[in-house]
Each structure stands twice: as structure tokens, then as C-alpha cells.
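*Asks:* Structure for this input, please:
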Amino acid sequence: MALFLIAGMAGCAGHFASDPIVAPAGGDEYVRAAWVEYSSAHGWEVRALTVGGVRPALQWDGGALPLQERAGPAIVAPRESGHDAPTKPAVFTTSSWEIPVPAGASRLRVAQFELPVPRAELHRIVLMGDSGCRMKAADDAFQDCGDAQAWPFARVNATAAAMHPDLVVHVGDLHYRESPCPDGNAACAGSPWGFGEDVWWADFFAPTATLRAAAPWVIARGNHEACNRAGLGWFRFLAPTDYSPALSCVSPADDAEADFTHPYAVPLDARTQLIVFDSAAMSAKAYKPDAPAFLRYQKLMDEVDALARAKPHSIFVNHHPALAFGGSASGTAKPGTAGLISVLQARDPARLYPAGVDLVVNGHVHMFQALDFASGQPAEILTGNGGSQMEGHVDASSAFRTTVAPGAVLAHFETQPGFGFATLDRVADAWELKEWTPDGQLLRRCAIRGRQLDCGAAG
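*Replies:* Below you'll find the model as predicted:
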């Protein structure tokens, strides 16, 4: 793997590889995007993307602070092999920047971007996932990226922003345009493709502008952001870790570290937290007990156990589902992700998840599901319908005939196979779950108390 640099060297957090110019007054045109997300290394952070080697400044109540460079412009040669590997380099023309949100800040601004200040208690949460526009030659799947009905992710973001959430949780698979649009296909003609910055802009940064201005984000990593796919952009722009050569997906020799990053906790209030788990490299097949990936995931789950003991209630967030069904064109239910089930079952054959985990949120399957169990497992929300091409459905009758994971006895099952997103609202000692269409029509309403799900009619 060769790395050819456009300007300067790719930087690490806290280190400036070149001597960037501080953005001049009125230099808003140099800043292409800014947002707030949770960092496993530093807590809440402001991040930004700029052109022209310009270092942006954070304006807040206490004055102005220069952001630190995360990664500079670069061209990264394609891998020799990979998942639908593009045959062109990944080009990154922007610099990415970051800075922790100052304690006590009540106003945050970078250039023209007024940014949301994270609240001490986060009670209204938007849940979404699997959102990029699918372009994959191996499946002959080419979504109409220019049609807001066929690819509604921007509509989802605008509708969710109008609900004034405290937090957005994306469960991964943000990047989908891996293959070039075939000649003669008008639906995707002219779309960018590959693993470079242009796809990240089209699939994520452009459609999320309204929602990034409305609320801070927590972003889990999907299999589309694994190192053999779009990991380059993931680490440059959105990964919760610091950026370094080992955590960059530049060299395949570092994938064993970069594809297994550490879980981290995000406080929601005094008693409740998210635990975010990186399952990007998770196998669809069960692992053997001596498999290197199995052993790595076991160590990471040790860390999850420790995090879960810190607060009475935890919501486990990752990409792959163990307790939600795969779908099919016929509606036949398929069990959960076998690789993840094998990891979890080795630790707790009955409950799967650590004590204190009341709720699990993930995606990967392109639909909405809400489930709970008579056998003691946590309740489950699957929110994989943010915009990427739909992939079948699950009939309730088939779900109740199918064992999603060994020992799991399904008690309640709700689903909706169309595009949309979900919200969680804290109501006293419960969460109110709502499932919405991209334009804000309420489809499902459920109360979640502990591990129990109580769903009534929408409206």
C-alpha cells in the first residue's frame, strides 16, 4: 500500500504535520463542514473539514480556540484485494480538525456553522442507520441516488432535525457507493464512487447538514466502514478514536488493530449510558473458539462488562444484530448474526449481554424491528432503514416460529420494512419508542420499561 500526499503529512490528534494558515476573518468559504460528536478519547468534540490548508477556530463563550489537525489531504492507492475493491485511488482534498468542547460552553460556532451544545442530560434521541446510497456491482444493486423517494436520507435528516433531538445515534453503514454506475443506467449516472472523500460527501456530509446543525452525534461503525471498505474515510472523519498510522486503515498490516477498536460509554443521565461497540469486522458465520477475531472480541467484551458496571442502566449500540431477524423477499425470518452470537454466547449462554444492559440498538438489516423476550435477554431495536436499498421483510408468523438466537424466546415483535427512523424519549422511568416515515408519519409507538416492550397503536 502506497500513500501519496497532496499537502503535508497525515496528522495525529494533537500534532500538526504542517504549518496551516489560521482561517482569516470572513474566511467561511474555507470551512466545508462542522459538527459535534462523542469521542472515546476526549468526550464531546467539535470537528470540522477545511480546504486550502486552513486551520479553523472554535468561537465559544470564552473566546476563540484553534482546532487541532486530525488528518491532512492525501491520495491513498487502492488495495490489491478487498470487498468490491475500487480500482482507483481514494482522494482526500480536505483537512479534518478537532477540539474538545470547552467545559461550561453555551455557544459553539466554527465559521458559518452554529453548532449544538451537548446537554448534561440527553432525553430525546434519534436512532438511524444503514443510510448511504447503494451502488454495488457484485449484487447488481444500483439505487437511484438522485431521487429523494428512492434514496430518502436527506428527508430523514430534515424531518428528524425538526423534532429538536438532544442526540443522534447512527448505528453504522454510512458509505455505500463502492462501484461505478454502469453505462446506460440513468438512476445513478454521474454519482461518485469508490472510497474517497467525494463519496463521503455525497453519502453522509451533504444529506446530514440539517441534523448535524440540530444535535450532537454518536456514530457506531458498520461493516461498510471496515478497513477493506471505507475505513480510510471513517478514521479521517468520524471515528471516535484519535487518528494515528495504526488507526487509519492506510496499511493492511494494521487492520488487526484498526478493525477492533475499543468500546466506550456515552453518559445520557446520572443512571443511564450508551455503550458503543465496534463490530465492523464481525463475521456472518460463527467463530471457532481459537479464531483470532473471536479472541479479540472476547477481550473487547471484557471491557464492555467493566463499562456496564459503571451505571445501573446501559443501552448497547453496535451495527450487527444478535437479537433481531434477517429478512427475505418471502418474509421468512433468519436468525441473528452468527459471529456475534458465538462471541456473546461464550460469555453468557442465556442472557448474551452483560447484566445492566437493558436495551440493544443496531442495524445491518435494512428495516425496523422492535423485539423483547420471555427468556431474559434485553429488548432490541433494529433501525437499519435510514436510506440504503431495502432488503426484504420479516413476517411476524415466521419470526415467532424462528429462534433468533439460542435460548431466546420471542415475546413481542414489531416491524416495518420501509424507509424511516426512530426516536427514543425519556418519560419518567421508561423510554417511549416511536418509528417514523422519512416525512414524519408515526408508524409505531412502544413503551420500553427495563427489558420489556409494550407496543400500542400509532397516533
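*Asks:* which residue sits closest to Q416 in space, ignoring its chain neighbours?
*Replies:* Of all residues not flanking Q416 in the chain, F368 sits nearest, at 4.8 Å (Cβ to Cβ, 6 or more residues apart in numbering). Backbone N, C-alpha and C define where each C-beta goes, glycine included.
*Asks:* Pull the number of nearby residues for that neighbour.
*Replies:* 27 (other Cβ atoms under 10 Å).
*Asks:* Stretch 421-437 spans what distance, first to last residue?
*Replies:* This stretch, stretch 421-437, spans 7 Å end to end (Cα to Cα, to the nearest Å).
*Asks:* now do stretch 403-423
*Replies:* 27 Å.
*Asks:* how's the protein carved up into domains?
*Replies:* Segmentation of the chain into domains, based on automatic domain parsing, reads 1-118, 119-221+261-456.
*Asks:* most tightly surrounded among the ones you listed?
*Replies:* When the domains of the chain are scored by mean count of other Cβ atoms under 10 Å, the highest mean neighbour count falls to domain 119-221+261-456 (a mean of 20).
*Asks:* now it, how far from the centre of its chain.
*Replies:* Domain 119-221+261-456 sits 8 Å away from the centroid of its parent chain (Cα atoms, centre = their mean, to the nearest Å).
*Asks:* closest one to A253 among the domains of the chain?
*Replies:* Closest approach to A253 among these (Cβ to Cβ): domain 1-118, 8.3 Å.
*Asks:* which residues does the residue nearest to Q416 bridge with?
*Replies:* T383, Q416 (DSSP bridges).
*Asks:* Repeat that for the one 5 residues further on.
*Replies:* For F373, the beta-bridge assignment (DSSP bridges) gives partners L410.
*Asks:* Quick check, it in contact with V409.
*Replies:* Yes: if you go by Cβ atoms under 8 Å, F373 and V409 touch, sitting 5.8 Å apart.
*Asks:* Save the domains of the chain as a markdown table, and put in mean pLDDT and distance to S251 too.
*Replies:* Shown next, in a markdown table, are the domains of the chain (pLDDT from 0 to 100; distance: least, Cβ to Cβ, whole Å):
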| stretch | mean pLDDT | distance to S251 |
| --- | --- | --- |
| domain 1-118 | 80 | 5 |
| domain 119-221+261-456 | 96 | 15 |
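*Asks:* Output the ones you listed in TSV; the columns should cover distance to A230.
*Replies:* Below are the domains of the chain laid out as TSV (distance: least, Cβ to Cβ, whole Å):
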stretch	distance to A230
domain 1-118	9
domain 119-221+261-456	4
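*Asks:* so which of these gets nearest L247?
*Replies:* The nearest among these, by Cβ to Cβ, is domain 119-221+261-456 at 7.0 Å.
*Asks:* Now do the end-to-end distance for that closest one.
*Replies:* 30 Å.
*Asks:* picking up where we left off before, these two touch, right, the residue nearest to Q416 and T423?
*Replies:* No: using Cβ under 8 Å, F368 is not in contact with T423; the gap is 11.8 Å.
*Asks:* Tell me where the stretch 101-250 of the chain has strands.
*Replies:* Using DSSP state E, counting those that start in this stretch, the strands of the stretch 101-250 of the chain run over 108-110, 113-115, 124-128, 135-136, 141-142, 167-170, 217-219.
*Asks:* Give the next helix or strand downstream of the helix ranked longest in the chain.
*Replies:* Of all the segments assigned as helix in the chain under DSSP state H, the longest by residue count is helix 292-308. Sequence order places strand 313-317 as the next helix or strand after helix 292-308, per DSSP states H and E.
*Asks:* Touching the next helix or strand after that next one from outside, list them.
*Replies:* Following strand 313-317 in sequence order, the next helix or strand is helix 338-347 (DSSP H and E). With contact meaning Cβ atoms under 8 Å, 6 or more residues apart in numbering, helix 338-347 is reached by 279, 282-287, 289, 293-294, 297-298, 301, 305, 318, 320-322, 335, 352-354, 405-406.
*Asks:* Please apply the same query to stretch 442-453.
*Replies:* 358-359, 368, 370-373, 376-379, 411-412, 414, 416, 420, 424, 427, 429-437, 454-459.
*Asks:* Compare the domains of the chain and give me the one nearest P240.
*Replies:* domain 1-118 (4.2 Å).
*Asks:* For the stretch 101-250 of the chain, which segments are assigned as helices?
*Replies:* In the stretch 101-250 of the chain, the helices defined using DSSP state H, counting those that start in this stretch lie at 153-161, 197-200, 209-214, 231-233.
*Asks:* Identify the residue nearest the geometric centre of the protein.
*Replies:* G172 (2.9 Å; Cα atoms, centre = their mean).
*Asks:* Around the residue lying closest to that residue once chain neighbours are set aside, count how many other residues there are.
*Replies:* In space, and not counting its chain neighbours, G172 is closest to G222: 2.7 Å by Cβ to Cβ, 6+ apart. By the measure other Cβ under 10 Å, the count of residues near G222 is 32.
*Asks:* separation between G222 and C181?
*Replies:* Separation of G222 from C181 (Cβ to Cβ, to the nearest Å) stands at 22 Å.
*Asks:* same deal with E98?
*Replies:* 34 Å.
*Asks:* Correct me if wrong: G440 contacts N157.
*Replies:* No: using Cβ under 8 Å, G440 makes no contact with N157, being 11.9 Å away.
*Asks:* Could I have the CA atoms of stretch 202-215 written out in PDB?
*Replies:* Presented in PDB, the C-alpha positions along stretch 202-215 are these (Å, rounded to 0.1, in the frame of the first residue of the first chain):
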ATOM      1  CA  ALA A 202     -22.500  12.600  -1.200                       C
ATOM      2  CA  ASP A 203     -23.500   9.800   1.200                       C
ATOM      3  CA  PHE A 204     -23.100  11.500   4.500                       C
ATOM      4  CA  PHE A 205     -22.000  15.100   4.900                       C
ATOM      5  CA  ALA A 206     -24.400  16.700   2.300                       C
ATOM      6  CA  PRO A 207     -27.600  14.900   3.400                       C
ATOM      7  CA  THR A 208     -26.900  15.300   7.200                       C
ATOM      8  CA  ALA A 209     -26.300  19.000   7.200                       C
ATOM      9  CA  THR A 210     -29.600  19.900   8.800                       C
ATOM     10  CA  LEU A 211     -29.400  17.200  11.500                       C
ATOM     11  CA  ARG A 212     -25.700  17.900  12.300                       C
ATOM     12  CA  ALA A 213     -26.700  21.500  13.000                       C
ATOM     13  CA  ALA A 214     -29.500  20.400  15.300                       C
ATOM     14  CA  ALA A 215     -27.900  17.900  17.600                       C
END
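*Asks:* No further questions, thank you.
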